[in-house]
Every structure is written in C-alpha cells, then in structure tokens.
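Trainee: I would like to see how this sequence folds:
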Amino acid sequence: MRIHFIAIGGSAMHNLAIALKQAGHIISGSDDEIFEPSKSRLQHFDLFPGQMGWHPELISHNLDAVILGMHAKADNPELIQAQQMGVQVFSYPEFLARHAQNKQRIVIGGSHGKTTITSMVMHVMKHLRFDFDYLVGSKIKNFDVMVRLNEEAPTMIFEGDEYLSSPIDLRPKFHWYKPHIALISGIAWDHMNVFPTFENYLDQFNLFIRGIEPNGVLIYSSDDEQLVELVKNNPAVNSIGYGVHPNVVKEGVTRLLTENGEVAIGLFGRHNLQNLNGARLICQQVGISDPDFYDAIGNFEGAANRLEKVLDEKGMIYFKDFAHAPSKLKATIQAVRNQYPDRKLLACFELHTYSSLNKSFLSEYIHTLDLADMACVYFNPHALTLKKLPMLMKRDVLSAFGRDDLHVFDQSSDVVDWIRKNKSENTVILMMSSGNFDGINHLELAKSLLQ
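Mentor: Residues are numbered from 1 along each chain as shown. The predicted model follows:
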C-alpha cells in the first residue's frame, strides 16, 4: 500500500510509519515541526520529510490511505486535499483497529500506569515466545519500535489512550479497540481541554467498558472508588479486581511474596506493584501461569521515562519519570520516599500538559510534592503561548501546590542551578515531566553533578 502520514512526527505516528515501512508498504509523511527522538528515528528509516510544512501536492489518487495525526488541524491543506480527492483518511487508532479486527485484542487503559502495565505484559509474552502485535506509548528494552504489525500474529496488545483520535475524529482512541481482555488501572481527571468536567472524563471509561466484546473480561483496580462504581454499573461484564501485589523490601530490593517463595524484582513503589498485579492477571487470561509470569518479570527493567534510573554513583541517585497528572506525581514521590527513607529527596516537576498549565486545574496539585525534602516546579512561558493559555504567575503555582518553601522557575537553567546548589551526599534527584525541561540531557546533567 501507498500510505501518507499527516503529522508524521508524533510519538505513535512515527512508530506506526516505521512499522508499516518494515512491513513492505510505501510510506511518505509531512509535518511542520519534528523533535527528538522522532527526528533521528525517521531519518534512520529514511522517512524524514524533505522539507517542513504542509504540501497538498503530496496527496494524489495513487495513495491508498492517509493517516491523520492529532498534531494536525482540521483545516490542514493536505487533509482538505485528501477529502476533496476522496482518498481514505484514517486516524491511527482506526487504522490499527482495522488491522486487529480478527485478532484477540488486549487493551490496557487508565489515567496512569498503562504504559508500564502494557510493557510488563509485552515483556512476559516475549520472554515466553508468544507471537503478538502491539502498540505501546514508550520505548521498551528489547523492542525496536513501539508498534508492531504482523498479519500472522493472533493477538494484539494496545496501550489504550483516552485522548482524541484525530482533529476530525473526536472519539477517544481506546473506544476503537473493542477488547476481549481489558484493564483499567485507575481514573484521575486529565485532558481538561477536551473533557472539561470529571463527569465527562468518567463517561469515556464507561463507554470503553461497554465496548468490551461479549464474554470478554475487565480487570480493574479495586482501590479506585470511581472505577469500582463504574464496574457495579456494568454488571453484564465479567470483572476481576486487583490491588497491590504482596511484597517485602529487603536491603533496598523489592521482593514479591508468592506461593513458591520470594521473587526479587527491579521495580519498587506501591503503584508499580499494583501495575504488576494487573499485568499478572492479564497474563493469566492468555494462559500464562503465575510461576512463568514471575520467572519472566524478575528481569523487567521498566519502560523508558517511567521511574527510570539514569545514574546511581557516589551516593547520588538520579531518576527521570513521566509523571504529570496529580495522582501520578504524588504516587511517584511516595514510591521514591518509601524506597529511600534515609536519603535527601530533591523533586523537580515541569508543568507541561494543557491541563497542568491551566490555572483552573492547578489546584488539583495541592500537597502532591509534600513528601520531598526540597521541591521545585518549572514552566516555560512559551508553552503557554503555544497552547493559547493565559500566562501563569509564579505566585499562582506556589499557591496551588500548598507548599510555602516551593521554588518556582520559568527558566530551565534555573532548575539546573537549583539542583547544583542543593544536592549533597546521599541525595536522590527526581525529575518529573511529560516533556523534557526544554531539552535537558538527563545523563549529562547527572554526570556533571558528580564533579
């Protein structure tokens, strides 16, 4: 097939483009800006656009399909050209749903933890030599790309994102997938730009549950009161609740308590141990025994940017994490605090998403940073301009987090200076953002802090 990607630089979009090229299709693409790591990866696979911008002349009757990314707008000139010429236009979740229509579909959704759970399931199934397709939201060790498409694979695993499918398809992505095995890790209001109330956000998960195939199963966090109520309101769905996997921490190492003894793992924190238990239940549904699951999960190293240990040397530990929603922020700091109770904890958080930069949402972050010994929050005023949001004042941020000693910065260099000034022996540095603090190289920074 000849397929053109509008907004090829997106995280899922560029991985789908690579996967389709590897499958033998002829791929082209366009975008008005492409950042790392998409840029290097597209260049490596000879898919980087010849010039930036939108070029309607790239759309012709020779195309079999156009895949439209969320970064584009509804008035995109290439999209308009495709619509006028009658070329089929898909969002990427619609395209993937069609690919998987005759496969067993496993969909992991939730406001937080879905990338980690998806990664765990993929890791275990690969370890046990299962054949499966997948879509996951982050790079995982031993997987070259974040999307795999193979006609022969009997199963497809989806990370089920609740954000909109495309600028002309305003359904949440995970509504497309119609799972046989579904998991919801928890529900905490996010994406207020498209779901202006919590009730509206909650409705999307209710619709997701109702889209589960007949005789399918829903695995859900039984610690989440809102989610428990949703399950009660859908009694026709087969459901299995889960909590934190029994565990013990010995000499800084988390060990799972199982029927066959203790199993040491590389992860830590209540949230990760809950994610692991959800992944275990998914694996049960595809016929994987608990002993086989434990054997495989012991060497799982986590998904990129999910409590990823960047450096551990000379008494300093440096983590980066994707935490951005209030509940995830609080859970991440709690996990690090519990794992390293005797170390000084410096926590740095970047306001990066539309919701986090919105003054009316900021109050949701109240007391989320309290467990850190010292904390700072960073935001880039240019990000507010790009998202067409009113400018934030530092005092707004300080007030929202409810911590008088919080440091608030609007220059990323000030964040680095603050870390240098306050680090000491026996320190844990925790950098949390769905962005990158304006391009900070975490490994280089961590190494420089040892000097």
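
Trainee: so where do the helices sit in the stretch 201-350 of the chain?
Mentor: Counting by DSSP state H, counting those that start in this stretch, the stretch 201-350 of the chain has helices at residues 225-232, 270-285, 290-297, 326-339.

Trainee: how much space between residue 11 and residue 159?
Mentor: 11 Å (C-beta to C-beta, to the nearest Å). Every residue, glycine included, has its C-beta placed from N, CA and C.

Trainee: Determine the residues that are contacts of both of these two.
Mentor: Residues touching both residue 11 and residue 159 by C-beta atoms under 8 Å, 6 or more residues apart in numbering: residue 137.

Trainee: per-domain residue ranges of the chain.
Mentor: Here the domain parsing of the chain from automatic domain parsing is 2-87, 95-297, 308-449.

Trainee: Adding mean pLDDT, write those domains out as JSON lines.
Mentor: JSON lines is the format used below for the domains of the chain (pLDDT from 0 to 100):
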{"stretch": "domain 2-87", "mean pLDDT": "95"}
{"stretch": "domain 95-297", "mean pLDDT": "94"}
{"stretch": "domain 308-449", "mean pLDDT": "92"}
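
Trainee: Using JSON lines, please lay out these together with mean neighbour count.
Mentor: JSON lines is the format used below for the domains of the chain (neighbours: other C-beta atoms under 10 Å):
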{"stretch": "domain 2-87", "mean neighbour count": "18"}
{"stretch": "domain 95-297", "mean neighbour count": "19"}
{"stretch": "domain 308-449", "mean neighbour count": "18"}
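
Trainee: Helices of the stretch 51-200 of the chain, start to end?
Mentor: Residue ranges of the helices in the stretch 51-200 of the chain, as given by DSSP H, counting those that start in this stretch, are 77-85, 92-99, 114-127, 198-210.

Trainee: do you know which of these lies nearest residue 185?
Mentor: Judged by C-beta to C-beta, the one of the helices of the stretch 51-200 of the chain that comes nearest to residue 185 is helix 114-127, at 5.8 Å.

Trainee: Out of the helices of the stretch 51-200 of the chain, the one nearest residue 444 is which?
Mentor: Nearest to residue 444 among these is helix 114-127; the distance by C-beta to C-beta comes to 24.7 Å.

Trainee: How much space separates the closest residue to residue 170 other than its chain neighbours from residue 157?
Mentor: Among residues not flanking residue 170 along the chain, residue 164 sits closest, at 5.2 Å (C-beta to C-beta, 6 or more residues apart in numbering). Using C-beta to C-beta, we find residue 164 at a distance of 22 Å from residue 157.

Trainee: For residue 140, name its beta-bridge partners.
Mentor: residue 303 (DSSP bridges).

Trainee: these two touch, right, it and residue 304?
Mentor: Yes. The pair residue 140 / residue 304 is scored as a contact, 7.2 Å apart, by C-beta atoms under 8 Å.

Trainee: Endpoints of stretch 82-98, how far apart?
Mentor: Separation of the first and last residues of stretch 82-98 by C-alpha to C-alpha, to the nearest Å is 20 Å.

Trainee: Check stretch 382-398 too.
Mentor: Rule used - C-alpha to C-alpha; the end-to-end distance of stretch 382-398 is 19 Å.

Trainee: Would you agree residue 58 is in contact with residue 28?
Mentor: Yes. With contacts counted by C-beta under 8 Å, residue 58 reaches residue 28, the gap being 6.3 Å.

Trainee: My guess is residue 333 contacts residue 368. True?
Mentor: Yes. At 7.2 Å, residue 333 counts as touching residue 368 under the criterion of C-beta under 8 Å.

Trainee: How about the contacts made by the nearest residue to residue 339 once chain neighbours are set aside?
Mentor: Sequence neighbours aside, residue 268 is the residue nearest to residue 339 in space, at 4.6 Å (criterion: C-beta to C-beta, 6+ apart). Contacts for residue 268 (C-beta under 8 Å, 6+ apart) come out as 249, 254, 307, 335, 338-339.

Trainee: and those, which two are the farthest apart?
Mentor: 249 and 307 (15.0 Å).

Trainee: before we move on, the earlier item: does the residue nearest to residue 170 really touch residue 173, like I thought?
Mentor: Yes. Using C-beta under 8 Å, residue 164 is in contact with residue 173, at 7.4 Å.

Trainee: end-to-end on stretch 135-151?
Mentor: Length of stretch 135-151, first residue to last, C-alpha to C-alpha: 15 Å.

Trainee: what does that stretch contact?
Mentor: 11-12, 15-16, 18-20, 22-23, 37, 96, 99, 114-115, 118-119, 122-123, 126, 131-134, 156-159, 161, 301, 303-306, 322.

Trainee: In contact with residue 280, which residues?
Mentor: Counting by C-beta under 8 Å, 6+ apart, residue 280 makes contact with 245, 290, 293, 297.

Trainee: likewise residue 83?
Mentor: Contacts of residue 83 (C-beta under 8 Å, 6+ apart): residue 89.

Trainee: List the residues that contact residue 388.
Mentor: The contact partners of residue 388, taken as C-beta under 8 Å, 6+ apart, number zero.

Trainee: how near is it to residue 171?
Mentor: Taking C-beta to C-beta, one finds residue 388 at 23 Å from residue 171.

Trainee: Equivalent analysis for residue 227, please.
Mentor: 21 Å.

Trainee: per-residue confidence at residue 305?
Mentor: If you check residue 305, the pLDDT there is 76.

Trainee: and the residue nearest to it when sequence neighbours are not counted, what does it touch?
Mentor: Leaving aside its sequence neighbours, residue 305 sits nearest to residue 322 (C-beta to C-beta, 6+ apart; 4.5 Å). By C-beta under 8 Å, 6+ apart, the contact list for residue 322 reads 115, 138, 305-306, 328, 432-434.
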